[in-house]
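Student: Quick one, what's the 3D model for this:
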Amino acid sequence: MATYEVNPDAVAHVRALIDKRQYVLDSDWGDVQPGAAAQNDYLERHSWAEYGAWHLGLTAGASEETKARFAFVAGDFRRVHRTALIACVYRASEWRHKDVELAAHDLLQHLDQVSS
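Tutor: Numbering: from 1, shown residues only. Presented below is the predicted three-dimensional model:
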């Protein structure tokens, strides 16, 4: 099983988007989650750092400028999705990636506070 560490740049990016109200509160994450084509399109126009800023987890040992380096996407490359944060909490919890789970949970709580 892969090991992940929290991506502090992504945590800051997602928090800033939440503060700017760049979020979706109700979506079907399975339908709107960026697939391989959307990821490739994004990477054609943006840097690896910008791509990584959407991912709460960094895969330990993975090469820097590869998709394998990044995990736990928190949005659709435009807005944060509440359902994406829930999915991050769930998946990280399921596989016992505690630091990523807690980071996603904190962002979810922040989103709920800002949006209420």
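
Student: in stretch 70-79, what counts as buried?
Tutor: For stretch 70-79, burial by neighbour count (16 or more other C-beta atoms under 10 Å) applies to F70, A71, F72, V73, A74, G75, D76, F77, R79. Glycine gets a C-beta too; all of them are placed from N, C-alpha and C.

Student: ugh, typo on my part, it should be stretch 78-94
Tutor: Quick answer for stretch 78-94 (16+ other C-beta under 10 Å): R79, V80, H81, R82, T83, A84, L85, A87, C88, V89, R91, A92.

Student: so where is this structure shaky, pLDDT-wise?
Tutor: Judged against pLDDT under 70, the chain has no low-scoring part.

Student: those strands in it, which residues are they?
Tutor: 4-6, 23-24, 55-59, 70-73, 80-81 (DSSP state E).

Student: Tabulate those strands (CSV), appending distance to R15.
Tutor: Putting the strands of the chain into CSV (distance: least, C-beta to C-beta, whole Å) gives the following:
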stretch, distance to R15
strand 4-6, 13
strand 23-24, 11
strand 55-59, 11
strand 70-73, 15
strand 80-81, 9
